[in-house]
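Q: Fold the following.
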Amino acid sequence: MLKAAGLVFDQPNCGVERLEIAAAPHRLLVVHGFPYLFVYNAERRPPLIVRVLHGARDLPSLLSSL
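A: Okay, here's the model as predicted:
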């Protein structure tokens, strides 16, 4: 998971925008090897990881307040 956090720091646009799940400027990055994803603000410098969520959760309702 630390490797994924480093990737977000080094390449903030590496995640995907999913506007139906989280409003811009937030992006999502799947943590390979784990069932989790990072939700982060890609416009902040350094990028800010705002949530780490299990991929099977109801993401739109959990992230509606972003």
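Q: for the chain, what spans make up the helices?
A: For the chain, applying DSSP state H gives helices covering 2-10, 59-62.
Q: Just send the ones you listed back as CSV, with distance to residue 31, mean neighbour count and mean pLDDT too.
A: C-betas here are computed from N, CA, C, even on glycine. Supplementary listing: the helices of the chain in CSV, determined by distance: least, Cβ to Cβ, whole Å; neighbours: other Cβ atoms under 10 Å; pLDDT from 0 to 100:
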stretch, distance to residue 31, mean neighbour count, mean pLDDT
helix 2-10, 5, 14, 93
helix 59-62, 14, 14, 93
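Q: Residue 29: which of those is closest?
A: Judged by Cβ to Cβ, the one of the helices of the chain that comes nearest to residue 29 is helix 2-10, at 6.1 Å.
Q: same for that closest one, what does it pack against?
A: When contacts are defined as 3 or more Cβ pairs under 8 Å, 6 or more residues apart in numbering; DSSP states H and E, helix 2-10 packs onto strand 26-30, strand 36-41.
Q: what about 10 Å?
A: strand 26-30, strand 36-41, strand 48-54 (3 or more Cβ pairs under 10 Å, 6 or more residues apart in numbering; DSSP states H and E).
Q: tell me the most buried of these?
A: Of all the helices and strands packed on helix 2-10, strand 36-41 carries the top mean neighbour count, a mean of 21, counting by mean count of other Cβ atoms under 10 Å.
Q: between it and strand 48-54, how big is the angle?
A: Angle of strand 36-41 versus strand 48-54, following axes from the mean of the first three to the mean of the last three Cα atoms, to 10 degrees, is 150 degrees.
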